[in-house]
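> Only the shape, not the letters, is given here:
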């Protein structure tokens, strides 16, 4: 089982969508689009709160960022 980490190499804001994309082996851009669409279709504020909580509790991946 893989552990969720915030991505250093594919981070736009905090690296959460990049980390989810790495685990699911999906392009992180698709994860970002799905996240934005889901936020717009429901309520934006809960997604913002969940993203900030994820930013706080999900650890950043160790090691240097690959460029």
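In hand now; what should we look at? Just so it is clear, the structure is predicted and the values come from calculations on it, not from any experiment. Numbers count the residues shown, from 1 in each chain.
> quick one: the helices in the chain?
Listed in chain order, the helices of the chain (DSSP state H) span 16-24, 28-41, 44-57.
> With mean neighbour count and distance to residue 5 added, can I get those in CSV?
In this view, the C-beta of every residue, glycine as well, is placed from N, C-alpha and C. Shown next, in CSV, are these (neighbours: other CB atoms under 10 Å; distance: least, CB to CB, whole Å):
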stretch, mean neighbour count, distance to residue 5
helix 16-24, 20, 5
helix 28-41, 14, 13
helix 44-57, 12, 11
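> Show me the shaky parts of this structure.
63-67 (pLDDT under 70).
> so what's residue 58 up against?
Shown in contact with residue 58 (CB atoms under 8 Å, 6 or more residues apart in numbering): 4-6, 16, 19.
> thinking again about what came up before, save the helices of the chain as JSON lines, and put in distance to residue 10 too.
Conversion of the helices of the chain to JSON lines gives the following (distance: least, CB to CB, whole Å):
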{"stretch": "helix 16-24", "distance to residue 10": "4"}
{"stretch": "helix 28-41", "distance to residue 10": "5"}
{"stretch": "helix 44-57", "distance to residue 10": "15"}
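> Surely residue 12 touches residue 19?
No: Residue 12 lies out of contact with residue 19 (CB atoms under 8 Å); the separation is 11.7 Å.
> any idea how far residue 35 lies from residue 3?
20 Å (CB to CB, to the nearest Å).
> Could you do residue 21 as well?
For residue 21, the distance to residue 3 - CB to CB - is 15 Å.
> Just give me the neighbour total for residue 5.
18 (other CB atoms under 10 Å).
> ok, it touching residue 19?
Yes: using CB under 8 Å, residue 5 makes contact with residue 19 at a distance of 5.1 Å.
> joint contacts of those two?
With CB under 8 Å, 6+ apart as the test, residue 5 and residue 19 both reach 58, 61.
> show me what contacts residue 32?
By CB under 8 Å, 6+ apart, the contact list for residue 32 reads 12, 17.
> do the same with residue 29
Counting by CB under 8 Å, 6+ apart, residue 29 touches residue 21.
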